[in-house]
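Novice: pasting the structure only:
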């Protein structure tokens, strides 16, 4: 299964992956409108987060693990592993906001929604032609969408 892999050697901390993620999941599909007006509404927030420490940066998102600890920790069935695609799928309607998945994720890739008692996680831009928006937007190719 293809996954997004970060490369901290090439990440410059520009946060364009976050903007691309917000835009790809927005209603308008316009970066300015999505970032300024739609962000935080209807669950719209970046699935990806750029972490910086000194001059080292890395973009983190769901790794869609083979045996995800978040799925094992989910008490409501809001997370499950799709046997056909290999993706770790989030069902927003089933999520009860217990944060068990957030604590179980070894990568810190799941985060709280800023205004709702729900989580936010990467869906690999399911249905988007050309793969995840974050990978396409990265100017330094610090994000790779590939099988390893």
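Specialist: Yep, that arrived. The structure displayed is predicted, hence computed values, not measured ones.

Novice: what residues of the longest helix along the chain count as buried?
Specialist: Ranked by residue count, the top helix of the chain under DSSP state H comes out as helix 16-24. In terms of neighbour count (16 or more other Cβ atoms under 10 Å), helix 16-24 has its buried residues at 16, 17, 18, 19, 20, 21, 22, 23, 24. C-beta coordinates here come from the backbone N, C-alpha and C atoms, glycine included.

Novice: how does the chain divide into domains?
Specialist: The record's domain parsing of the chain by automatic domain parsing lists 1-61+124-148, 64-121.

Novice: and those, which one is worst for confidence?
Specialist: Sorting the domains of the chain by mean pLDDT places domain 1-61+124-148 lowest, at a mean of 89.

Novice: tell me how far it lies from the chain's centre.
Specialist: Relative to its chain's centre, domain 1-61+124-148 lies at 7 Å (Cα atoms, centre = their mean, to the nearest Å).

Novice: now the end-to-end length of it.
Specialist: With Cα to Cα, to the nearest Å as the measure, domain 1-61+124-148 spans 8 Å from end to end.

Novice: and if you look at stretch 64-84?
Specialist: End-to-end for stretch 64-84, by Cα to Cα: 13 Å.

Novice: and for stretch 137-148?
Specialist: First residue to last in stretch 137-148 (Cα to Cα) measures 21 Å.

Novice: same thing with stretch 140-147?
Specialist: 20 Å.

Novice: shift numbering so it begins at 24
Specialist: Let's use 24 as the start, then, which means that last one is stretch 163-170.

Novice: on that earlier part again, what helices or strands is the longest helix of the chain leaning on?
Specialist: In terms of contacts (3 or more Cβ pairs under 8 Å, 6 or more residues apart in numbering; DSSP states H and E), helix 39-47 is packed against helix 54-56, strand 72-76, helix 156-160.

Novice: 7 Å instead, please
Specialist: Helices and strands touching helix 39-47, by 3 or more Cβ pairs under 7 Å, 6 or more residues apart in numbering; DSSP states H and E, are helix 156-160.
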